[in-house]
Each structure stands twice: as structure tokens, then as C-alpha cells.
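Novice: the following block contains a protein sequence and its predicted model.
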Protein chains: 2
Amino acid sequence: MRIVCTITEMKEIISEQKKHGKSIGFVPTMGYLHEGHLSLVEEAKKHDEFIVISIFVNPLQFGPNEDFERYPRDIERDEKLAKAAGVDVIFYPNIKEMYPNDLTCSVRVQKGVNILCGKSRPGHFDGVATVVMKLFHIVSPMRAYFGMKDAQQVAVIENMIADFNLNVQLMKCQTLRENDGLAKSSRNVYLTPEERRQAPEIYSSLLNAKNKINSGEKNIATLKVEIAEHLTTKTNGIVDYVEILAYPSLEKMDHCEGVMIIAIALKFSQARLIDNMTVTI
Amino acid sequence: MRIVCTITEMKEIISEQKKHGKSIGFVPTMGYLHEGHLSLVEEAKKHDEFIVISIFVNPLQFGPNEDFERYPRDIERDEKLAKAAGVDVIFYPNIKEMYPNDLTCSVRVQKGVNILCGKSRPGHFDGVATVVMKLFHIVSPMRAYFGMKDAQQVAVIENMIADFNLNVQLMKCQTLRENDGLAKSSRNVYLTPEERRQAPEIYSSLLNAKNKINSGEKNIATLKVEIAEHLTTKTNGIVDYVEILAYPSLEKMDHCEGVMIIAIALKFSQARLIDNMTVTI
């Protein structure tokens, strides 16, 4: 496994691999790898022959009052985990390499951003889309792997790929879950024992809603109230949002139809958990 | 020569040509081809083996009060000219093919747009950059050919290629000129005989300024006044702008330095002519 810090070298390696007919699989990350990232690498290895992960904490997607400086970094640990997972190259540029000058151009995301987690993070998805666009051109992958835990990010990337006719296939990977259904997250450790016992109710409420939609329920307001009541009754968490939206446009709908996402954010005392499920009727 | 109307077919053709190791040269146009476009094709044939031109009148780059509907179109004539010039494929999509839905993402150009011709066309270069980004992904050229007549557009594309790490080489092609130096333009026919006689003074004033810069003149205000006086004295035209800017950032400078562009727009009775020249010291 190699660690590559410059765009020029990264492009040369990719060009060389492509000459030998290798398909490139790409997993973009901000580092501090956990089993979610590693499951993306595992998925990539099923489809592609040469696996690149990027580790870059992208300042563009952090707001002025967000935790860019405090975001956890541990390249030595990441290196060991990536090597063990079978990654071929870690692309690990510094900020000057990715943004040598102030950008004159950026990607503006006009839809699907002022809802869910994007509501409280203006400009966040512009930053995500811009850096992913750059990384796609640097790594030129055949397939890029994203986790559905962050469904809004996946929707933005899916729309960007379609809008700009990008030559990359988006691989949407299942959210990893604990045995009791709770979505894996580094934030789960902040839960009290009692909250940890309640937290799988997020998944239960998603499953219930999905089952009701599959059984013919079309009324979005009814479904949302049921999810919120489920969460309020069975947990001490405070509902931040419950949404049922068209996917991947993330637009509101009059009634259940086509491909949808059910998305939840629930605040416990020390952790805000998110989870979601897609449904197609 | 083939005419291709769908993105899928265009991508298939490119993929096939690349398998055979052919380098793709690309000339994006809005059609109604003239000798400027054909000189770009001629240049492309010197470097690349498979030449694609696109013909697409891009609604995104026209303002609400601009001439999108009236923009001249003549695909049959274009087809003959392109074939004679040795083009391999005309990519000729309709609007629904390029924009099947409202875009969720677009390119925002934040620098070098509120000056020169961009000053009076808000959003114009966002539209140009967005469609060129799409076309680059559809045609995947090794080289793309643009005429320096529209220097501001070339600067925007040059900056976009750098900012997004695009895998395409920008080929900046010389402005075609009449024997007396006047930049070729379809608008030249609107000049009265007297104006046509005066119009080469635009080129003369650019040459004078370039010579002065090369001889050591650093003062931008002095140079701009001299150009404006030259134009006012020797023509009946009205100066719309005279600018000397850093290139390709198109930022104002304190004094002459590095790579610069001298740009002029001059209004005659029925035609507004533009011209420019780059200088490096």
C-alpha cells in the first residue's frame, strides 16, 4: 500500500493502472477510519481491482462555528487499518495541495440542501460537492462507494453525477447496524446505558413506517406522527426531525410515491443520532 | 462524419475510440459555424486523432432579455462545413437531452466575471462553465480548443480546469484576423464602410499598448488612457471598456506584471466589437 500526497503522482498512478485495464474503486473519507469506512472498502474489493481511499478533512464543508480544527485525525492508525483492509493507495493531500489558491469556481447545490441535516449547515453540501468533484477528477474511479448512513450526502452526490454526466458509478452501501438494529456510529459511545437500550427504537420506528407504506399507507403526515409518537413514547430522546421525502431529489411530496427516504434525527442527552431507510412503492 | 444526438451514444463512441488509443480533440460551439470555429478544428487536427465538435445553443448562458430564441441556427450548413473540415462527430443534443430535469447542481464562477463583457451579463459564465463541465464529461477529450477572441470565457474555463483538476488540456487558439488586423467576427458586416475602415485601429491600439509594456511601461492608468485616446481620435466608435487585467484571474493590478490581458470593447453605430491581446513581462 502506498500513501500519495500529490495530485500529480495520484493521477500518474491511476493512469498507469488504467493502461493495465484495472478498474478503480474509490472510497472518499475524512479519515479517522471506523468499521463503516472499512465496510465500504470491503464492498469496493468485490467490484474493483485497484482500491483508492482519500483522507482529507475538507475545510470547505465546515461552517465558521464548526469543528474543523477539532475534527479527529490519526493517520498512523488509519494507515494500519487501510492496509489490513486491502487498500492499494491512500490519497492523503494537504490543504495547500487541494486548494493552492482561492477557488474561482465551485459547485453550487441548489436542491435537497435546506432540509434534514443541511438545514442547520448552510454551504455544507456545496463544500462536499466541490471536493468530491475534485477527487473524482483526480482518482477517475469507475465506481465510488458511499454509505447510506449519510443519505443526504449520497443524494447530493447522486444528483451531481447525473447533472454533470460524470463517468463514475455511485455505489450506495447499506448502513452497518449493531445486532439490535442501532446504526453504527462513533457517537453511540456518548449514550448512557439507558439511552443505549432505547436507541434501537429509531430503527424499529423506521421499519414500522416502511411496513405501513408497503401495506398501502400513503398519508405522509400520518406516518410522520406515528414515527414521532413511537420515538417519544419509547425513548427519552427529543425528535429533531422526522421526514419522508422523494429520493434522491429530497423534495417534499403530497403522498407516498416512487422512491422515498424516511429520515430521523433524535437528540439524546449527549448525542444526536441520525438514521434513515429508503422505500420504493 | 456522424451526427450524434444522445449522451449515451456519444459516450459509447468515445469509449470505443479510447480503446483504440485514439486521442480526442474537442471544439465546443453553439453552431452557425464560421471560419473561427473551423480554424479551431484545423488546430485540433494537428494534435488529436478523433475530432468532436458540439453544437448546442445553451439556454443556461442566456439572460432573460437576451437572444436565446433568435440565436442563429443552421445545422445543414454546419454539417457541410464540419464534414469538409474533417470533423469525425458532431455532438448535437437537444435541450431535453442536456437538461432532462431542473439542475440540482451547477458551477458557480466567483471570480473574473463581474468585469469586461461579464459585467452586463450576470450568471452568463455560470451557464458557460456548467455546460462545458457537462460536455467535458460526455466527450472526455484529451484537449479542448477555444478561441482567444472570447478571452474572458477562456479564462473562466482555464480557471475551472485548474480548480476542479479536470483531465483536459486547454488549447488557447489565436484570434483570426483580416489582413488589416481587424479580428474576424460575424458582427463586422454591420459596420458602415467608414467604420470598417476605422475598425482596425482597435488592433493597432492593442499592438501599441503591448509594445509600450514590452518597452517598460508599468503604469496601467497611463496605458488605458492612451488606448482610449487612440480609439477616440481615430474612430467614431464609443469606448465601452478598456481594461488591463491579470490573466487568467482577470483581477485588477496595481501595475503591469506577469501575464496580462489588454481588452477592448468599442461600440460602432450598429455593432459592438471586442478584441484583446495577452502580454507577458
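Specialist: Happy to help now that I have it.
Novice: residue A:188 touches residue A:273, doesn't it?
Specialist: Yes: with contact defined as CB atoms under 8 Å, residue A:188 and residue A:273 form a contacting pair (7.5 Å). C-beta here means a position set from N, CA and C on the backbone, and glycine is covered the same way.
Novice: those two: which has the busier surroundings?
Specialist: residue A:273 (22 against 16; other CB atoms under 10 Å in any protein chain shown).
Novice: and that one, which helix or strand is it part of?
Specialist: Assigned by DSSP states H and E, residue A:273 belongs to strand A:272-280.
Novice: only the buried residues of that strand, if you could.
Specialist: Neighbour counts over strand A:272-280 (16 or more other CB atoms under 10 Å in any protein chain shown) mark A:273-279 as buried.
Novice: which one among these gets closest to chain B?
Specialist: Minimum distance to chain B across the buried residues of strand A:272-280 is 17.8 Å, recorded for residue A:278 (CB to the nearest CB).
Novice: can you give me the end-to-end span of stretch A:140-158?
Specialist: For stretch A:140-158, the first-to-last residue distance is 16 Å (CA to CA, to the nearest Å).
Novice: list the buried ones in it?
Specialist: Per 16+ other CB under 10 Å, stretch A:140-158 contains these buried residues: A:140-158.
Novice: repeat for stretch A:177-194
Specialist: Neighbour-count burial for stretch A:177-194, counted by 16+ other CB under 10 Å, picks out A:182-185, A:188, A:191.
Novice: what lies in contact with that stretch?
Specialist: The contact list for stretch A:177-194, computed with CB atoms under 8 Å, 6 or more residues apart in numbering or on different chains, reads A:32, A:34-36, A:149, A:175-176, A:196, A:199-200, A:202-204, A:207, A:236, A:268-275.
Novice: swap in stretch A:219-232?
Specialist: Outside stretch A:219-232, the residues touching it (CB under 8 Å, 6+ apart) are A:201-202, A:204-206, A:208-209, A:212-213, A:217, A:237, A:239, A:242-244, A:253-256, A:262, A:264, A:266.
Novice: give me the buried positions along it.
Specialist: Buried residues in stretch A:219-232 (16+ other CB under 10 Å): A:220, A:223-224, A:226-228, A:230-231.
Novice: those residues in helices, which ones?
Specialist: A:220, A:223-224, A:226-228, A:230-231 (DSSP state H).
Novice: now the strands for the stretch 1-150 of chain A?
Specialist: A:2-4, A:24-29, A:50-55, A:89-91, A:105-109, A:143-147 (DSSP state E, counting those that start in this stretch).
Novice: send the alpha carbons of the third one over as PDB?
Specialist: In PDB, the C-alpha atoms belonging to strand A:50-55 read as follows (Å, rounded to 0.1, in the frame of the first residue of the first chain):
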ATOM      1  CA  PHE A  50      -7.500  -1.200  -7.600                       C
ATOM      2  CA  ILE A  51      -8.800   0.500  -4.400                       C
ATOM      3  CA  VAL A  52      -8.000   4.100  -3.500                       C
ATOM      4  CA  ILE A  53      -9.200   5.800  -0.400                       C
ATOM      5  CA  SER A  54      -8.800   9.500   0.200                       C
ATOM      6  CA  ILE A  55      -8.200  11.000   3.600                       C
END
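Novice: what is that strand packed up against?
Specialist: helix A:7-19, strand A:24-29, helix A:35-47, helix A:75-85, strand A:89-91, helix A:124-139 (3 or more CB pairs under 8 Å, 6 or more residues apart in numbering or on different chains; DSSP states H and E).
Novice: TSV for the ones you listed, including mean pLDDT, mean neighbour count and distance to chain B?
Specialist: Putting these into TSV (pLDDT from 0 to 100; neighbours: other CB atoms under 10 Å in any protein chain shown; distance: least, CB to the nearest CB, whole Å) gives the following:
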stretch	mean pLDDT	mean neighbour count	distance to chain B
helix A:7-19	97	15	6
strand A:24-29	98	26	13
helix A:35-47	96	18	18
helix A:75-85	97	16	22
strand A:89-91	98	24	12
helix A:124-139	97	24	4
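Novice: identify the residues contacting residue A:152.
Specialist: A:112-113, A:115-118, A:125, A:250, A:263 are the contacts of residue A:152 under CB under 8 Å, 6+ apart.
Novice: could you single out the nearest of these to chain B?
Specialist: For these, the nearest to chain B is residue A:112 (6.2 Å; CB to the nearest CB).
Novice: low-confidence ranges, the stretch 101-250 of chain A, go.
Specialist: Nowhere does the stretch 101-250 of chain A drop to pLDDT under 70.
Novice: for it, just list every one of the helices.
Specialist: Under the criterion DSSP state H, counting those that start in this stretch, the stretch 101-250 of chain A contains helices at A:124-139, A:151-163, A:193-198, A:201-214, A:220-234.
Novice: how much space between the closest residue to residue A:201 other than its chain neighbours and residue A:204?
Specialist: The shortest distance from residue A:201 to any non-neighbouring residue, by CB to CB, 6 or more residues apart in numbering or on different chains, is to residue A:234 (4.4 Å). Residue A:234 is 8 Å from residue A:204, where distance means CB to CB, to the nearest Å.
Novice: circling back to that earlier point, out of the contacts of residue A:152, which are buried?
Specialist: Neighbour counting with 16+ other CB under 10 Å marks A:112-113, A:115-118, A:125, A:250, A:263 as buried within the contacts of residue A:152.
Novice: widest-spaced pair of those residues?
Specialist: Pairwise distances across these (CB to CB) peak at 14.8 Å, for the pair A:125 and A:263.
Novice: thinking again about what came up before, any chance of the buried residues of strand A:272-280 in a markdown table, plus distance to chain B and pLDDT?
Specialist: Shown next, in a markdown table, are the buried residues of strand A:272-280 (distance: CB to the nearest CB, whole Å; pLDDT from 0 to 100):
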| residue | distance to chain B | pLDDT |
| --- | --- | --- |
| A:273 | 27 | 94 |
| A:274 | 21 | 94 |
| A:275 | 24 | 97 |
| A:276 | 19 | 97 |
| A:277 | 22 | 97 |
| A:278 | 18 | 96 |
| A:279 | 21 | 97 |
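Novice: okay, the residues you listed in TSV with distance to residue B:40 next?
Specialist: Formatted as TSV, the buried residues of strand A:272-280 follow (distance: CB to CB, whole Å):
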residue	distance to residue B:40
A:273	56
A:274	50
A:275	53
A:276	48
A:277	51
A:278	46
A:279	50
